[in-house]
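J.: pasting the structure only:
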């Protein structure tokens, strides 16, 4: 299992995809569950920030045909 990468924002199509993408491979090594959840929130915010900066708002027009 690999950690969440910033480039993974490209895999976000719907909001529920964010939960599936955020992975912390060190969860079992964290001091407690609270710190693991905090880390995952950080990863989620980072992905959303990258998504926001790179999202053009244009849909693929080939699918409309």
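T.: On my side now, so go ahead. Keep in mind that what you see is a predicted model, and the values were worked out from it rather than measured.
J.: Show me what the mean pLDDT comes to for the helix or strand containing residue 41.
T.: Of the helices and strands defined by DSSP states H and E, residue 41 is found in helix 33-54. In this model, helix 33-54 has a mean pLDDT of 87.
J.: Return the list of helices and strands in contact with it.
T.: Applying 3 or more Cβ pairs under 8 Å, 6 or more residues apart in numbering; DSSP states H and E, one finds that helix 33-54 makes contact with helix 15-21. (Each C-beta comes from the backbone N, C-alpha and C, glycine too.)
J.: Distance from the helix it packs on to the middle of the chain?
T.: Remark: helix 15-21 is offset 6 Å from the chain centroid, using Cα atoms, centre = their mean, to the nearest Å.
J.: Output the contacting helices and strands for that helix.
T.: Short answer (3+ Cβ pairs under 8 Å, 6+ apart): helix 15-21 packs on helix 33-54.
J.: residues in contact with the helix it packs on?
T.: Residues from elsewhere that reach helix 33-54, judged by Cβ atoms under 8 Å, 6 or more residues apart in numbering: 3-4, 6, 8-10, 12, 18-19, 21-24, 26-27, 30.
J.: Only whichever of those residues are buried, select them in PyMOL.
T.: Per 16 or more other Cβ atoms under 10 Å, the buried members of the contacts of helix 33-54 correspond to this PyMOL selection:
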select buried, resi 4+8+9+12+18+22+24
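J.: Among the contacts of helix 33-54, which lie within helices?
T.: 18, 19, 21 (DSSP state H).
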